[in-house]
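Enquirer: Give me a model of this one.
(2 chains)
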Amino acid sequence: MKEVTEKMASVQPHNDASTTDTLPVPTGLTAAFTLKGVRQVKAGITVVDDIELAIPHGEIIALVGPSGAGKTSLLRLLNRLDDPVGGEIFYRARHITQYPVQALRRKVGFVFQTPVMFPGTVRDNLHVALALSGEPGQDADKRIAEALELAELEPALCDRAGDRLSGGQKQRVNIARALMTAPDVLLMDEPTSALDPETADRLMETTRRLSREQHLTVVMVTHRLSEARRTSDRTIVLERGRIVASGSTTDVFGSTTNPRMRAFLDSEK
Amino acid sequence: MLHFVQSSTTASRSIIDVSWFDLGLACGLMLIAIGIARWQGLGLAQRFVIGAIRTVVQLVLVGYVLVYILALDSWYLVVAALLIMLMVATKAAVNRQHESSHKLLMITGVAMLVASGLTLLYISTLVVRVAPWYNPQYVIPLFGMIVGSTMNAAAIAAERLHSEVTARQAEIEAYLALGASYQQAAQQPVRQALRAALIPTINGLMVVGIVTLPGMMTGQILAGVSPLIAIRYQIVVVFMQAAAVAITTAIVTLWYRRTFFTPALQLKLQTSASTA
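Expert: This is a model prediction of the structure:
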């Protein structure tokens, strides 16, 4: 009984009255991000509502929830593609606005739902990121080769035009490009939504390996619950801009008793 | 250095006067255009009529105004006339935009003022050497042609920049997410806007005299000026328009692009791809 109670304590349902609860942060890990009372409004609608959250360093966090839950809006706040209308966001214990925004974005990479290819070849795409990082030095080719390898792209693709790649290859180039600035955090907005299940699985495996080997914190929005279950260390469930559950992925998927959330989490079974 | 002088041939050739009766006959040409519009049911016949009436009224008024202005002998009245022309052209350029704002009005006005002012200064002091410097017979028509060109260029540049930024939101945000500056993120839209605004001028340079006979040159020839003098004036006009257009488009695009970004380098347009 005691074990069940402890397990449930690590899955924190966030109802309207308990929004000050935070995701439990394991001891010994520094929070990459801490969010305090964060609110975001778009077109007069509150899309992120009073979020309290700590995102531990070096883990994969899945943001799940129904359409319109505020997942993407929340993700965009973390590298200041948008700023919140209320609350505070801290990155490595410093207020996010205290960092020069360009420097912050090089440390907090973003992979978009639809891969965006810049004009030119794969090499050109990666070189742009390298130049933006301020390190277009002599070892550019070496770093490009490393990024391609990390993203599991064949070196032969390097000189292929970006628009001649498959969807999966484009998304991997986008990941490789984001890695060129040596980020600490990778934000991924439904990176597999346009991919077939097999390609999506392989991309998630790559993400998991990257997180482990590069000590990357990955915050990933996904609508595929199976993907969140298999890939992430922690899962945050959002609904109408609020956190309705958060905790270790095993616990969130295994132990929640909230019937509506249970139905949502079981919806892909 | 070119130095234009009044053609001595002007006096030797008489100009065929177009009387008010002749002008009435010219209306027959407009009736053809209106007839075609009605025949095809384009819904444009009424606009053709209004346009024709406006043409007559505006040009008659301008004719009388020009008679007055060309007789001016005070620099401040000439400068005031130039500024009025500039303001009207600025408003017309901004009104052609889907989204006009006070900021865009200011950007366009300053761009056209700088481009037109510098070009006129160059032409009137170095090339034509107008004396006195405000001689309205030269300054007014030259400025009018410059402003007309810059008005079109500014309108095309602003419209194209807006549409390119709107169409390339995802690409711009991808650049920003990598830590790009707004200049780097908007590089492609700016290039496209500059190209769109400059290409008509370049095309004009290519075909002038072959496909088209410029209005000013033909006007001078009709007025009895030697074609050899008329073409020299026309070359000067084409070059000054090219310079003014280039300056205007550069100022408009490089300044206007900043307005699409917040101080924190966020794209102000709503990202359609971003879902809550």
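
Enquirer: is it fair to say B:Thr90 lies in a helix?
Expert: Yes. For B:Thr90, which was evaluated using DSSP: H, G, I helix; E, B strand; the rest coil, the result is membership in a helix.

Enquirer: need the contact list for it.
Expert: When contacts are counted by Cβ atoms under 8 Å, 6 or more residues apart in numbering or on different chains, B:Thr90 is found next to B:Leu105, B:Thr108, B:Gly109, B:Met112, B:Met151, B:Ala154. Every C-beta, even on glycine, is put in place using the N, C-alpha and C of the backbone.

Enquirer: ok, A:Val128 touching A:Arg177?
Expert: Yes. A:Val128 is within contact range of A:Arg177, at 7.4 Å (criterion: Cβ atoms under 8 Å).

Enquirer: quick one: which of those two has more around it?
Expert: The neighbour count for A:Val128 versus A:Arg177, taken as other Cβ atoms under 10 Å in any protein chain shown, is higher for A:Arg177 (29 against 21).

Enquirer: just checking, the more buried one touches A:Ala129?
Expert: Yes. Using Cβ under 8 Å, A:Arg177 makes contact with A:Ala129 at a distance of 4.7 Å.

Enquirer: and for the two, which residues touch both?
Expert: By the contact definition Cβ under 8 Å, 6+ apart, A:Arg177 and A:Ala129 are jointly contacted by B:Leu178.

Enquirer: sorry, back to before: which ones among the contacts of B:Thr90 map onto helices?
Expert: Those of the contacts of B:Thr90 mapping onto helices are B:Leu105, B:Thr108, B:Gly109, B:Met112, B:Met151, B:Ala154, per DSSP state H.

Enquirer: where does the residue of the stretch 1-150 of chain B at minimum distance from chain A land in three-state SS?
Expert: Among all residues of the stretch 1-150 of chain B, B:Glu99 sits closest to chain A, at 17.0 Å; criterion: Cβ to the nearest Cβ. What three-state DSSP gives for B:Glu99 is coil.

Enquirer: Next up, the contacts around it.
Expert: Taking Cβ under 8 Å, 6+ apart, one finds B:His162 in contact with B:Glu99.

Enquirer: what's the answer for B:Phe48, then?
Expert: Counted by Cβ under 8 Å, 6+ apart, B:Phe48 has contacts B:Met30, B:Ala33, B:Ile34, B:Ala37.

Enquirer: Please apply the same query to B:Ala193.
Expert: Contacts for B:Ala193 (Cβ under 8 Å, 6+ apart) come out as B:Ile156, B:Ala157, B:Ala158, B:Arg160, B:Leu161, B:Glu164, B:Thr249, B:Thr253.

Enquirer: Report the separation between it and B:Gln187.
Expert: 11 Å (Cβ to Cβ, to the nearest Å).

Enquirer: Find me the pLDDT at A:Ser18, would you?
Expert: Here, the pLDDT recorded for A:Ser18 equals 35.

Enquirer: on that earlier part again, biggest separation within the contacts of B:Thr90, which pair?
Expert: Distance extremes for those: the farthest pair is B:Leu105 and B:Met151 at 12.8 Å, using Cβ to Cβ.

Enquirer: And those two? Which one has more around it.
Expert: When B:Leu105 and B:Met151 are compared on other Cβ under 10 Å, the one with more neighbours turns out to be B:Met151, at 24 against 17.

Enquirer: Please name the nearest non-neighbouring residue to that one.
Expert: Computed as Cβ to Cβ, 6 or more residues apart in numbering or on different chains, the closest residue to B:Met151 that is not its neighbour in sequence is B:Ala89, at 4.2 Å.

Enquirer: try B:Tyr138
Expert: Leaving out its chain neighbours, the residue that sits closest to B:Tyr138 by Cβ to Cβ, 6+ apart is B:Val130, at 4.6 Å.

Enquirer: Could you report the neighbour count for that neighbour?
Expert: 18.

Enquirer: again with A:Glu213
Expert: Residue crowding around A:Glu213 was assessed by other Cβ under 10 Å; the count is 9.

Enquirer: For B:Val67, see how far away it is.
Expert: When distances are taken as Cβ to Cβ, A:Glu213 and B:Val67 turn out to be 83 Å apart.

Enquirer: cool, and A:Phe33?
Expert: Here A:Phe33 is placed at a distance of 73 Å from B:Val67 (Cβ to Cβ).

Enquirer: okay, the two: which has more neighbours?
Expert: Each of A:Phe33 and B:Val67 has its neighbours counted (other Cβ under 10 Å); A:Phe33 has more, 23 against 9.

Enquirer: The helix or strand harbouring that one packs against which elements?
Expert: For A:Phe33, the element it lies in under DSSP states H and E is strand A:31-42. Taking 3 or more Cβ pairs under 8 Å, 6 or more residues apart in numbering or on different chains; DSSP states H and E as contact, the helices and strands that strand A:31-42 lies on are strand A:45-56, helix A:71-78, strand A:86-91.

Enquirer: Can you tell me which of these is most buried?
Expert: Stretch with highest mean neighbour count among these: helix A:71-78 (a mean of 25; mean count of other Cβ atoms under 10 Å in any protein chain shown).

Enquirer: Not counting its own residues, what contacts it?
Expert: Contacts of helix A:71-78 with the rest of the structure, by Cβ under 8 Å, 6+ apart, involve A:33, A:35, A:38, A:40, A:42, A:47-48, A:51, A:63-65, A:82-84, A:89, A:91, A:96, A:108, A:110, A:113, A:185, A:187, A:189-190, A:219, A:221, A:238, A:241, B:274-276.

Enquirer: Taking the contacts of B:Ala193, please make a PyMOL selection of just the buried ones.
Expert: Of these, the buried ones go into a single PyMOL selection, burial set by 16 or more other Cβ atoms under 10 Å in any protein chain shown:
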select buried, chain B and resi 156+157+158+160+161+164+249+253
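
Enquirer: what does the stretch 51-200 of chain B put close to chain A?
Expert: B:170-171, B:173-181, B:184, B:188 (Cβ under 8 Å from any Cβ of the partner chain).

Enquirer: quick one: contacts for B:Ile34?
Expert: B:Ile34 makes contact with B:Ala45, B:Phe48, B:Val49, B:Ala52, according to Cβ under 8 Å, 6+ apart.

Enquirer: Show me where the chain dips below the pLDDT cut-off.
Expert: Using chain A. Low-confidence segments of chain A, defined by pLDDT under 70: A:1-29, A:135-138, A:258, A:260-261, A:268-269.

Enquirer: let's do chain B instead
Expert: Residue ranges of chain B with pLDDT under 70: B:1-14, B:100, B:270-276.
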